[in-house]
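**Q** generate coordinates for the sequence data below:
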Amino acid sequence: MQKIDMNEIVGNYHILFLCLDSLRYDVAYEEQQNQGTPVLNRYGTWRKCQAPGNFTYPSHQAMFAGFFPVDEDICNMKAREKLFFSEDIGMGRRAPEGAFTFQGPNWVEGLEKEGYETYCIGGVSFFDKRTDIGKVMPSFFKHSYWNPSFGCKVPESVNNQVDFAIRKLGQMQEGQKIMMYINFSALHYPNYYYIPGAKKDSKQAHAAALRHIDGQLERLFAAFGQKGRTFVICCSDHGTCYGEDGIWYHGVNHPIVNTVPYKHFTL
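**A** Prediction:
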């Protein structure tokens, strides 16, 4: 694994953070191996990681503070790879090698201080801005968007989110550094409609949703490529169960919920 120096990335690259909300590691790995996700496969293999939370809200609060999923075999917190590091916390307040030290309550606002235009394109309800709790994380961004066509119950949500992201990119000034976050809701329940005729969510529908997301990423990556060099963080926030050990969905600690795929790469 090549070590990333975020001090070389920040200010020189656009930053695209993609959360494939609820994606299970086992499904991501299986689709990687059987070539179900050819676009994502171009950018390296998935890392098997420990999730920072067992549902969307705590996991994202951690990730926006710089605590991304940790490699499965990490036993010492100081050995984890750090991309962003708050100047206000922990480890003697000395940033680990290669981490970008940010000011503020999260690295999104830290990047805004560095001149980035920051964008959030929401998906699940924690980003919908229809409730007080749904406004919390979008408030980290200078620009935040959600509409019902991005939500979990819409089979074309990924297409709609990518269409919107590309339109926004087209409106941005040349030379402006961009940080964009997209919360893809397609993998989250309900997802049965990705299997024709299905009436119930399943691991198979989860995999079909992932293949659908992959099919939309090439044009998103091409749009960012036209803007310039881009650093991409792509991961899940937590997994989800489909009846394993009697458990459905997430919000509980189970190996399937706590194990997620992660990768970062440059376009």
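**Q** now the closest residue in space to F102 that isn't next to it in sequence: how far from K227?
**A** Closest residue to F102 apart from its sequence neighbours, by Cβ to Cβ, 6 or more residues apart in numbering: G110 at 2.7 Å. Every C-beta, even on glycine, is put in place using the N, C-alpha and C of the backbone. Counting by Cβ to Cβ, to the nearest Å, the separation of G110 from K227 is 21 Å.
**Q** the more surrounded of those two?
**A** Shown here are G110 and K227; by other Cβ atoms under 10 Å, G110 has more neighbours (24 against 18).
**Q** contacts only, for the more buried one.
**A** 84, 100, 102-104 (Cβ atoms under 8 Å, 6 or more residues apart in numbering).
**Q** among the residues you listed, which one has the most neighbours?
**A** F102 (25 neighbours).
**Q** now do the helices in the chain.
**A** Ranges of helices in the chain, per DSSP state H, are 6-9, 25-33, 38-41, 56-64, 107-113, 133-136, 157-171, 203-227, 255-258.
**Q** any chance of the ones you listed in a markdown table, with distance to F265 and mean pLDDT too?
**A** Compiled in a markdown table, those are given as follows (distance: least, Cβ to Cβ, whole Å; pLDDT from 0 to 100):
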| stretch | distance to F265 | mean pLDDT |
| --- | --- | --- |
| helix 6-9 | 12 | 96 |
| helix 25-33 | 14 | 98 |
| helix 38-41 | 9 | 98 |
| helix 56-64 | 17 | 96 |
| helix 107-113 | 18 | 97 |
| helix 133-136 | 29 | 96 |
| helix 157-171 | 18 | 97 |
| helix 203-227 | 10 | 97 |
| helix 255-258 | 24 | 96 |
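**Q** okay, those in a markdown table with distance to H238 next?
**A** Shown next, in a markdown table, are these (distance: least, Cβ to Cβ, whole Å):
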| stretch | distance to H238 |
| --- | --- |
| helix 6-9 | 24 |
| helix 25-33 | 10 |
| helix 38-41 | 19 |
| helix 56-64 | 5 |
| helix 107-113 | 20 |
| helix 133-136 | 17 |
| helix 157-171 | 18 |
| helix 203-227 | 13 |
| helix 255-258 | 5 |
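**Q** among the ones you listed, which is nearest I121?
**A** Nearest to I121, of all those, is helix 157-171, at 5.4 Å by Cβ to Cβ.
**Q** OK, contacts around the residue nearest to I247 when sequence neighbours are not counted?
**A** Ranked by Cβ to Cβ, 6+ apart and with sequence neighbours excluded, the top spatial neighbour of I247 is C241, at 4.2 Å. Counting by Cβ under 8 Å, 6+ apart, C241 touches 247-250, 254, 256-257.
**Q** give me that answer again for 6 Å
**A** By Cβ atoms under 6 Å, 6 or more residues apart in numbering, the residues touching C241 are 247-248, 254, 256.
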